[in-house]
Structure formats: structure tokens, C-alpha cells
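1. Sequence and computational prediction follow.
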Amino acid sequence: MPPARKPANRQSSTRKPPTRLHYCKLEECEGICCSDGAFLLPEEERLIRRVVAKYPEHFRHLPKAYILDAEWEGNFGRKTAVYKYRYRNKPGHFANTRCAFAEQDGKCSLQTLAVSLGKQKWAFKPMGCWLFPLSADEKGLVPPPRTRREDPNNLGKDYPGFTTFTPCGEHSAGGKVWWIALKEEVAQYRAETGGE
Ligand code: SF4
């Protein structure tokens, strides 16, 4: 997924109507949030490299260069590689690609390994991945954008957003308020960072 491009609007439960979300259904969305791969922090790349080296059988599907230099809107970083994948249904401006770590059914192989080892399911996963459609900055959690205008990756008509175009990140009036829909993510973020 692209890194947040500009600070997203923060929401409080009193001042603005909150974003409401539906739960992810992987068999329907095919893991579209993994279509671009994931930008990684240096410590996340180190952890992933250690895990891949330790469990090569689990990661047989990875290409040799599974983490690459990448650029997004003038920001440079390290990112997981992607492979070609044709989605049954996707926003027109999304690529027909998938993160190299995605298995054929869309599950993240970093998560399936953690589960098979009896570890916390996100133990090996980049924070940006398990937080999605939440994000975080130096001040703490950033709620999912409610409108496409608030989408931090809305670059204009050629790329009108990312989070708000994904089934689990798109505001839906009939959904649950984000802090309930994402209570597991919020709790994990607080446990890891002590932040709000
Ligand atoms: S690392 Fe896992 S969750 Fe993150 S983009 Fe890749 S497959 Fe998706």
C-alpha cells in the first residue's frame, strides 16, 4: 500500500461524524489492499529477512529480490516486491499486481507463518499492513478517511485515493464506527507503542 502522503484529517467522536467500516472479506476483495506491496521500516525489513532465512520452505513462492528500492510521489524507501495478479474487480487506477508475500488465496504469508508457529498473528507483519485501514504518525493513530477528499493518497483525477477505494477502508453508513470495527488493531497498537 502507498505510504500516507500528507497528514490525514483526525477525527474525534464528538466533532465530526466518524468513518464507519465493514469487515474485510478476503474471498471477495482478494486482498486488494496488498496490490502495491508494503513500504517497510528498516527494522521491519531486518525482521522479515531473518524470518525468510529461517523458514525458507514457507516462503518458497518469493522471488529472489523480494524487497526492493521504491518510490512513491517523491518519497523513497524499501518496499516488498509485487507479482502480476488479475483481480476480478478493482478500482480502475489500482494495479493488477499483488505483494510478493501474498499467497494465492490472498492471505499474507508472514501472518500464516506466525499463526502456524503459535505466535501473535501479526508478529512478523509490517505495522502499516496490520493497521490498515488505520495508519499512524508521530502523534499516534490516524483514523481511516471518511471521504475521498480526505484520502491521504488522493492525488487528483488520475489517482483519486487508495484507502477509500478498498472494501475494508471505504466509509459505509451501515458499518461499525472505526474504533469498534478495528478494536483489535487499536488494542495492538496501544500494546506495542503505549500510544493513543
Ligand atoms: S506484507 Fe503481507 S499484508 Fe503486507 S502487503 Fe504484503 S501480503 Fe499484504
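-> Nice, thanks for sending it over.
2. Let me see the contact set for His58.
-> When the contact criterion is CB atoms under 8 Å, 6 or more residues apart in numbering, the partners of His58 are 109, 112-113, 116. C-beta here means a position set from N, CA and C on the backbone, and glycine is covered the same way.
3. For Leu155, which non-adjacent residue is spatially closest?
-> Once flanking residues are discounted, Leu155 sits nearest to Glu73: 6.9 Å by CB to CB, 6 or more residues apart in numbering.
4. thinking that neighbour is in contact with Asp158, fair?
-> No. Here Glu73 does not reach Asp158: they are 12.0 Å apart, not a contact under CB atoms under 8 Å.
5. Just the pLDDT for the spatially most central residue of the chain.
-> When CA atoms, centre = their mean is applied to the chain, the residue found nearest the centroid is Cys129 (3.3 Å). Note on Cys129: pLDDT of 97.
6. name the helices or strands packed onto the helix ranked longest in the chain?
-> Secondary structure assigned by DSSP state H gives helix 42-54 as the longest helix of the chain. For helix 42-54, the contact count by 3 or more CB pairs under 8 Å, 6 or more residues apart in numbering; DSSP states H and E identifies strand 67-72, helix 109-116 as packing neighbours.
7. Compute the distance between Gln111 and Gly174, please.
-> The span separating Gln111 from Gly174 equals 28 Å under the rule CB to CB, to the nearest Å.
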